[in-house]
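Asker: The amino acid sequence is not available; the structure is as follows:
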């Protein structure tokens, strides 16, 4: 069969690359005021491509390029997930990009390229192909993290990200070269066959184990597993806000898509030796969830908080990867369900936080004080997202954690499931801190006891100001409250404005998904089951 | 032909030197050069392994060389991108010393 026989199966990828170039080209022609059209063009293109992919590739199970790429239910499932993530990332970044960044068109084009990289990552069944796709995604993210050119924090974030990223790629590649040196192959299936062919009693070449370990370390950097996580908080904090969201949602989901396929096709079929690796992965998962959640307790910056929270969630997902086995689809179902639920929840949280940042330019947890009164919709969304991340029932967080932890316990890792429940419990503390800030703490500059009480106290505190005002105001009772209200309005000039259409769309869809997954996940689970079957057979 | 293990030793030595450079150097540019060393260690490993691979199927002999070509290409792009970011850093902060790039910590 010629290599190009079923090339048409890659139509969505070719079209996506075309769309990205179209956005770049249109960026050159469009006048400055209409650049936001490019965002809508990208969204429309991605939505069309989702439809095309589903119609074209539903139930198809083929390989391309002599087995380098697989077009199966697993690829399709992740492809749709990634493109939906792309749509929501573009929607939630539109306000931010047009208000705070230069070179808008390129922003959307680069996001599209990163989605292309993620799509290919989920399909690749060979180490080099996976690496190239991973680099397409990573390069796009390096650029996006450093996108605010004149912002020193964004520069620093990009520099740290690219140095750590290149460093981890080098480690990953060294592992690849060692595995290739011993086995002579780079396809996942062939690696599994080569590993299985080594007799149990025979000596195993140490460079093979070092190679596999280095691949694990390289991927550990990409998913930010402890002890390879130290880049994540800095990069998350410095990157432009929507890119922080993208890093914690898209890049994480893509890395785990690759890890899932590599583990399921390359390592799980090996048998006894996979059980040794399971233990290593389980320990990695345990350390990751504990460190991520415990260090998050000390964070005061919202982006850093979300970075440590995402490290903690990486730990939960890794627990699912460690529990993979040929006997049961539950762990891999659990991982995929977790990725969807986590993405939807994070969109709700970040949608609210990005909108808040657009209005005020602030990103500390204490800045959220009083948001429940000034922006009830945003505050409610963030609160629901936080409840869901903590794993409270009705919301997606509970359903996904319940499913994943049950699967992990079923596969004989009861201690890991117990630890995961404990880590979730710890996480409740810092998630609820955010909710407390929004609903219980008074807004900045507001009297400590709220309107109508404690004028004397406040006036005493602000001595001169209060006294001067009382003289001029002739003891008009509500005046101080108005004054403090006005003062607060000055520091947040835009907090009075309504969230824009894109924010409402992202939050609305995200909230719907959070409740839907939390209450009735079974239709979603049917598609996940089909995807799992494609890699575990 | 020289034994494969000598190539592997050379490659390991180069990789470790690169690793040391990444951890010990202070200048972002020198760190990038150290990463290049690590990537070149990978290339040596791949090409030597490919050259010594007689017994395997005909195509797997070329895989190693192919991967090396891809790595060279990607590494060039990576350095281009990284230097652009370092340049921005220098414009904004007038330093490329990674010890001073510490706006965000812990």
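Answerer: Nice, thanks for sending it over. The structure displayed is predicted, hence computed values, not measured ones. Residues are numbered from 1 along each chain as shown, chains lettered A, B, ... in the order given.
Asker: Contacts only, for the nearest residue to residue A:127 once chain neighbours are set aside.
Answerer: Nearest non-adjacent residue to residue A:127, counting by C-beta to C-beta, 6 or more residues apart in numbering or on different chains: residue A:186, 4.3 Å away. Backbone N, C-alpha and C define where each C-beta goes, glycine included. Residue A:186 is in contact with A:126-128, A:176, A:179-180, B:63, B:67, counting by C-beta atoms under 8 Å, 6 or more residues apart in numbering or on different chains.
Asker: In a markdown table: the residues you listed, plus neighbour count.
Answerer: Listed next are the contacts of residue A:186 as a markdown table, based on neighbours: other C-beta atoms under 10 Å in any protein chain shown:
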| residue | neighbour count |
| --- | --- |
| A:126 | 22 |
| A:127 | 25 |
| A:128 | 19 |
| A:176 | 24 |
| A:179 | 26 |
| A:180 | 24 |
| B:63 | 23 |
| B:67 | 25 |
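Asker: mind listing which of the residues you listed are in helices?
Answerer: Among the contacts of residue A:186, the members found in helices (DSSP state H) are A:127-128, A:176, A:179-180, B:63, B:67.
Asker: Going by distance to residue A:353, which of the residues you listed wins?
Answerer: For the ones in helices among the contacts of residue A:186, the minimum distance to residue A:353 (C-beta to C-beta) is 36.9 Å, reached by residue A:127.
Asker: got a list of what the closest one touches?
Answerer: Counting by C-beta under 8 Å, 6+ apart, residue A:127 touches A:176, A:179-180, A:186-188, A:215.
Asker: And the furthest pair within these?
Answerer: Longest distance between any two of the contacts of residue A:127 is 14.0 Å, between A:187 and A:215; criterion C-beta to C-beta.
Asker: quick revisit: where is pLDDT lowest across the ones in helices among the contacts of residue A:186?
Answerer: Lowest pLDDT of the ones in helices among the contacts of residue A:186: residue B:63, 83.
Asker: Tell me the spacing between that residue and residue A:505.
Answerer: According to C-beta to C-beta, to the nearest Å, residue B:63 stands 46 Å off from residue A:505.
Asker: so residue A:70 sits in a strand?
Answerer: Yes - counting by DSSP: H, G, I helix; E, B strand; the rest coil, one finds residue A:70 located in a strand.
Asker: just to revisit the earlier point, need the contacts of residue A:186 in CSV (columns: distance to residue A:360).
Answerer: Output for these, formatted as CSV (distance: C-beta to C-beta, whole Å):
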residue, distance to residue A:360
A:126, 47
A:127, 46
A:128, 46
A:176, 46
A:179, 50
A:180, 52
B:63, 54
B:67, 49
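Asker: quick check, nearest of these to residue A:192?
Answerer: Comparing the contacts of residue A:186 against residue A:192 with C-beta to C-beta places residue A:179 closest, at 11.6 Å.
Asker: secondary structure class for the nearest residue to that closest one once chain neighbours are set aside?
Answerer: Leaving out its chain neighbours, the residue that sits closest to residue A:179 by C-beta to C-beta, 6+ apart is residue A:211, at 4.0 Å. Secondary structure, three-state DSSP: residue A:211 is helix.
Asker: was I right about residue A:211 contacting residue A:173?
Answerer: No - in this structure residue A:211 lies outside contact range of residue A:173 using C-beta atoms under 8 Å: 10.5 Å.
Asker: So those two - more neighbours on which side?
Answerer: Between residue A:211 and residue A:173, counted using other C-beta atoms under 10 Å in any protein chain shown, residue A:173 has the larger neighbour count: 29 against 23.
Asker: give me the element that one is part of.
Answerer: For residue A:173, the enclosing helix or strand under DSSP states H and E is helix A:152-183.
Asker: List the single closest residue to the residue nearest the centre of chain B in space, sequence neighbours excluded.
Answerer: Centroid-nearest residue in chain B, with C-alpha atoms, centre = their mean: residue B:39, separated by 2.3 Å. On the basis of C-beta to C-beta, 6+ apart, the spatially nearest residue to residue B:39 that is not a chain neighbour turns out to be residue B:75, at 4.8 Å.
Asker: Figure out the helix or strand that the one you found lives in.
Answerer: Residue B:75 is located in helix B:60-93, with elements delineated by DSSP H and E.
Asker: For residue A:8, list the residues it contacts.
Answerer: Applying C-beta under 8 Å, 6+ apart to residue A:8 gives no contacts.
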